[in-house]
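S.K.: Turn this into a structure:
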Amino acid sequence: MDLSNLKAQLQTLANQAADIDRRRGESAKPLFDERLFTCLSRLLTPCVMEAQAVVTTLEREHSAGKLSGLRAEHLCEKLLNQIGALQREIATQPLRAQEKALAPKPKASISQLYQDLAQHQGWERRLADMVRDAEARIGQCYTLVEQQQAQHQLLTLEKRLARCREAKQKIESRISFRERKG
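M.R.: The predicted model follows:
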């Protein structure tokens, strides 16, 4: 029985799990159900170690001649389920980070988010008006110095408008996230 491919796959998962554990730290609750991983760990590395122990058990029982067909089937199914769960958990890390970034702050109620959005929309309208006024002023300048000053003011206003729109977009994303999550 050659399990070298599984061992290599588990070693890759162990390296990825260690990296994620270093970055993320412990989760608030166990990562997996107790029927899948008995260690009930809040980190990925102990779960990978448990899957590696299943491979070791398979090898040990096979070499001792104690591995029945039913036992082999049970251990292989358990191992495949564990590897699949670990792969899914590792693959979803970028999504979890993005979801955490979009999660509304606990202090911000949905009504507060809507108030912030309305405030940003008002600022956006006023800044857009100021940009239009600054653009019109550039055409009315008589000297090069006046024109440069007007262009500098226009550039400053455009940057403020862009930041305002970006902030408004983040608030809209937080509202959308909150409404999807309930």
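S.K.: what helices or strands is the helix-or-strand element of the chain with minimal mean pLDDT leaning on?
M.R.: Least confident helix or strand of the chain, by mean pLDDT, DSSP states H and E, is helix 93-102 with a mean of 76. Counting contacts by 3 or more CB pairs under 8 Å, 6 or more residues apart in numbering; DSSP states H and E, helix 93-102 packs against helix 144-181. Every residue, glycine included, has its C-beta placed from N, CA and C.
S.K.: Phi first, then psi, for the most far-flung residue of the chain relative to its centre.
M.R.: Distance to the chain centre peaks in the chain at residue 142, reaching 53.2 Å (criterion: CA atoms, centre = their mean). Phi and psi for residue 142, reported as degrees, to the nearest 10, are phi -100, psi -30.
S.K.: Can you give me the buried ones in the helix or strand following the least confident helix or strand of the chain?
M.R.: Sequence order places helix 110-139 as the next helix or strand after helix 93-102, per DSSP states H and E. For helix 110-139, burial by neighbour count (16 or more other CB atoms under 10 Å) applies to 113, 116, 117, 120, 123, 124, 127, 130, 131, 134, 137.
S.K.: Same question for stretch 27-34.
M.R.: Those would be 31, 32, for stretch 27-34 by 16+ other CB under 10 Å.
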